[in-house]
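Colleague: fold the stuff below for me.
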Amino acid sequence: MPSLMKTCGRKLKNIIFVIFVFNLTKFIYHPMQFSAAEIAQIINGKLEGNTNSTVASFGKIEEANEGQLSFLANPKYEDFLYTTKASVVIINNSLHLKQPVAATLIRVPDAYSAFALLLDKAQQMKTSQLSGIQDPVFMHPTAKIGENVYLGAFVFIGENAIVGNNVKIFPGCFIGNNVTITECIIGPHVSIGEGSVLSNCIISNSIIQSHCKISNANIDNSMVGNFVEYSEKYKELNIGDFTVIVQ
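Modeller: Coordinates of the predicted model:
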């Protein structure tokens, strides 16, 4: 049974990798170029090789070409490290090289987690470039919408709501009356109750009840009660009414 679970775990990681790359490929309309030094800074890694190497896309280590970034987390694929055409490869600190590598290397404690973090950062950067209002959007005439805002289809914006500059609200979200949102990414599947104030947040798959004040938070799959004040880093949470949790 343990060996079966280990095999399933490896297969799941490969599936997740494919999903990451597939979603990112769909998402990127204009490729973004990063140097190895910039990538190392984002993931807090140690560089080995040409710090000026640049990449504009991602690829599996056995298939990647010049100008692509890859990673090696599973020792099973180590042989591909010595033949890959990838320009930059993220590897574990614990890996001892058996022969020279042409690619620029970035060492981190966990290559898989670092690569996932980098994909997430790239997607966030692309999300920040979205703008425009899809059809249909249900918006009260008294609602105020800032500049460089993205509103996905079937978003509801209530009476006297304020959606500030650079806010991104993905399809199917409900924004109640008198809600104020600034510098946030909202959605998918989010409901925000009347009178709540949100700033500098990323919120998905969650319900925020009325008259909450939430800032500098990254929340997913959560339920937040009424009159809550929250400014913390927990990813998933359930908070009752009149709770205050701040840094």
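
Colleague: next SSE downstream of the helix or strand containing residue 78?
Modeller: Element membership for residue 78, per DSSP states H and E: helix 78-81. Taking DSSP H and E as the definition, the helix or strand that follows helix 78-81 towards the C-terminus is strand 88-92.

Colleague: what's the weakest-modelled helix or strand in the chain?
Modeller: Of the helices and strands making up the chain, the lowest-confidence element is helix 2-27, at a mean of 43, by mean pLDDT, DSSP states H and E.

Colleague: for the next helix-or-strand element following that one, packing partners?
Modeller: Sequence-wise, the next helix or strand beyond helix 2-27 is strand 34-35, with elements assigned using DSSP H and E. Using 3 or more C-beta pairs under 8 Å, 6 or more residues apart in numbering; DSSP states H and E as the contact criterion, the secondary-structure elements in contact with strand 34-35 are strand 54-55. Every residue, glycine included, has its C-beta placed from N, CA and C.

Colleague: against which helices or strands is the strand it packs on packed?
Modeller: Contacts of strand 54-55 with other secondary structure elements, assessed using 3+ C-beta pairs under 8 Å, 6+ apart, are made with strand 34-35, helix 36-43.

Colleague: possible to save those as TSV with mean neighbour count and distance to residue 68?
Modeller: Output for the helices and strands packed on strand 54-55, formatted as TSV (neighbours: other C-beta atoms under 10 Å; distance: least, C-beta to C-beta, whole Å):
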stretch	mean neighbour count	distance to residue 68
strand 34-35	18	11
helix 36-43	18	12
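
Colleague: may I see these organised as TSV, with mean pLDDT and distance to residue 74 added?
Modeller: TSV is the format used below for the helices and strands packed on strand 54-55 (pLDDT from 0 to 100; distance: least, C-beta to C-beta, whole Å):
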stretch	mean pLDDT	distance to residue 74
strand 34-35	85	24
helix 36-43	87	18
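
Colleague: okay, those in CSV with distance to residue 246 next?
Modeller: What follows is these, written out as CSV (distance: least, C-beta to C-beta, whole Å):
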stretch, distance to residue 246
strand 34-35, 34
helix 36-43, 27
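
Colleague: with respect to residue 177, which of these lies nearest?
Modeller: Set against residue 177 and scored by C-beta to C-beta, those come closest in helix 36-43, at 39.2 Å.

Colleague: quick check: next helix or strand after that closest one?
Modeller: The first helix or strand that comes after helix 36-43 along the chain, using DSSP H and E, is strand 46-48.

Colleague: tell me the mean pLDDT over the helix holding residue 78?
Modeller: Computed over helix 78-81, the mean pLDDT rounds to 96.

Colleague: contacts for it, please.
Modeller: Residues from elsewhere that reach helix 78-81 (C-beta atoms under 8 Å, 6 or more residues apart in numbering): 61, 62, 72, 89, 91, 95, 97, 98, 101, 103.

Colleague: list the buried ones in that helix?
Modeller: Across helix 78-81, burial judged by 16 or more other C-beta atoms under 10 Å covers 80, 81.

Colleague: thank you kindly, that will do.
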